[in-house]
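In: Predicted model and sequence follow; I will ask about them next.
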Amino acid sequence: MSDAATSGAVGMTVASAFAGMRSVTPVRFKAGCPDCRGCFELAASALRLAIGASSRTTFYSFTCPECGASVRKPAGERIIELLTGGGVSTLRLHSTL
């Protein structure tokens, strides 16, 4: 028995399976710069998340689009969940001990 027959998708084409879907809006994150006090939205590709062994080594960073400053902010559990769910690149930091 084929996978299509067991899943109930007999005779379904890719086009018909995705016919009702709309385009996906890219995730945007609200952020602020502590240097220039600018508020803006950033695409996931503009952010980086670093997850370390402690709260001091777990943070997200970006470059302010208004003043060019490098911004680094702490990331708690909820921020980590939102950023990873939104497609932000994640770097896991490991101890060298």
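Out: That came through, no problem. Numbers count the residues shown, from 1 in each chain.
In: could you pull out the strands for this structure?
Out: For the chain, the strands defined by DSSP state E occupy 28-32, 39-43, 48-51, 59-63, 70-74, 89-92.
In: Could you dump those into CSV with mean neighbour count and distance to A19 added?
Out: Placement of C-beta: from N, CA and C, glycine included. Formatted as CSV, the entries for those read as follows, by neighbours: other C-beta atoms under 10 Å; distance: least, C-beta to C-beta, whole Å:
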stretch, mean neighbour count, distance to A19
strand 28-32, 14, 27
strand 39-43, 13, 28
strand 48-51, 17, 35
strand 59-63, 18, 37
strand 70-74, 12, 42
strand 89-92, 11, 32
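In: Output these in a markdown table; the columns should cover mean pLDDT.
Out: Written out in a markdown table, the entries for the strands of the chain read as follows (pLDDT from 0 to 100):
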| stretch | mean pLDDT |
| --- | --- |
| strand 28-32 | 95 |
| strand 39-43 | 96 |
| strand 48-51 | 96 |
| strand 59-63 | 97 |
| strand 70-74 | 96 |
| strand 89-92 | 93 |
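In: In a markdown table: these, plus distance to I80.
Out: Shown next, in a markdown table, are those (distance: least, C-beta to C-beta, whole Å):
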| stretch | distance to I80 |
| --- | --- |
| strand 28-32 | 13 |
| strand 39-43 | 16 |
| strand 48-51 | 7 |
| strand 59-63 | 8 |
| strand 70-74 | 10 |
| strand 89-92 | 8 |
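In: Is L42 in contact with P26, as I believe?
Out: No. The pair L42 and P26 does not pass the contact test of C-beta atoms under 8 Å, sitting 10.7 Å apart.
In: What are the boundaries of the helices in the chain?
Out: When assigned using DSSP state H, the helices of the chain occupy the ranges 3-7, 14-17, 77-85.
In: By mean pLDDT, show me the worst of the ones you listed.
Out: The stretch with the lowest mean pLDDT among the helices of the chain is helix 3-7, which comes in at a mean of 47.
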